[in-house]
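Q: Structure, please.
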Amino acid sequence: MTQPHSKNSTLIKVALYEPDIPQNTAAIVRLCACFGVRLDIIEPCGFFLSDKRFKRVVMDYINECKIKSFKNFTEFKKDKKNERIILMTTKAKRKYFDFKFNQNDTILFGRESAGVPQLVHKSVDYKLIIPIQKKDRSLNIVSSVAITLAEALKQNQCL
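A: Below you'll find the predicted structure:
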């Protein structure tokens with residue numbers, strides 16, 4: 001029998017690489033708060049947490065979400081020694097729903113304007129894609145986080 005989801009029932013984490021759109025980051029904070037998932041933010045951010053656009057969307061969910069900041073990708077990678085880092089990217093071939101997520105995975109999303117650099121691509125454990133129509137470039141990052149996180153939580157019976 002599966003227990004109801006609680007704020008401390010999952011170790012799955014979401015990570016954002018140098019986010020640059022405050023409204024998207026705020027919406028992801030709310031999403032992580034609602035699912036009890038820690039959010040890792042790899043700096044630098046393209047905005048300050050005091051930005052009114054960020055505050056307008058995040059509201060009081062900032063108090064409900066555990067957020068861990070990292071000064072750079074190297075610091076982030078050191079923290080993940082015993083965890084798999086799964087990069088969501090339009091440059092992958094493997095589909096997210098054909099992948100088995102583990103409870104201690106960190107799902108990494110690139111910068112809205114530029115994704116992640118080659119160094120990051122080369123140093124992650126897995127790269128996954130959310131398949132969309134060929135004529136379209138990509139989903140909004142918040143939609144991508146929601147889709148992928150829901151699948152990871154479902155697979156690990158955290159929903």
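Q: what's near enough to touch the closest residue to V58 other than its chain neighbours?
A: Nearest in space to V58, with sequence neighbours left out and distances taken as CB to CB, 6 or more residues apart in numbering, is A26 at 3.7 Å. (C-beta placed from N, C-alpha, C; glycine too.) A26 is in contact with 53-58, 61, counting by CB atoms under 8 Å, 6 or more residues apart in numbering.
Q: Sort out for me which of those residues are in strands.
A: Among those, no member falls in strands (criterion: DSSP state E).
Q: Now the buried members of these.
A: Neighbour counting by 16 or more other CB atoms under 10 Å classes 54, 57-58, 61 among those as buried.
Q: of these, closest to R137?
A: Using CB to CB, V57 comes nearest to R137 of the buried ones among the contacts of A26, at 23.2 Å.
Q: thinking the closest one is in contact with Q23, fair?
A: Yes: V57 is within contact range of Q23, at 5.0 Å (criterion: CB atoms under 8 Å).
Q: pLDDT check: weakest of the contacts of A26?
A: pLDDT across those is lowest for V58, at 80.
Q: so what's that one up against?
A: 26, 29-30.
Q: what's the following helix or strand after the worst-scoring helix or strand of the chain on mean pLDDT?
A: One helix or strand of the chain scores below all others by mean pLDDT, DSSP states H and E: helix 52-58, with a mean of 85. On the C-terminal side of helix 52-58, the closest following helix or strand by DSSP states H and E is strand 67-70.
Q: What strands flank that following strand, and is each parallel or antiparallel?
A: Partners of strand 67-70 in the sheet, by DSSP bridges, are strand 38-42 (parallel).
Q: Quick one: residues in contact with the strand it pairs with.
A: Contacts to strand 38-42, defined as CB under 8 Å, 6+ apart, come from residues 13-19, 25, 28-29, 32, 65-70, 72-73, 76, 79, 106.
Q: ok, of those residues, which come out buried?
A: So, by 16+ other CB under 10 Å, the buried ones in those are 13-19, 25, 28-29, 32, 65, 70, 73, 76, 106.
Q: so of these, which ones are in strands?
A: 13-17, 70, 106.
Q: thought V145 was touching L108?
A: No: with contact defined as CB under 8 Å, V145 and L108 do not form a contacting pair (10.4 Å).
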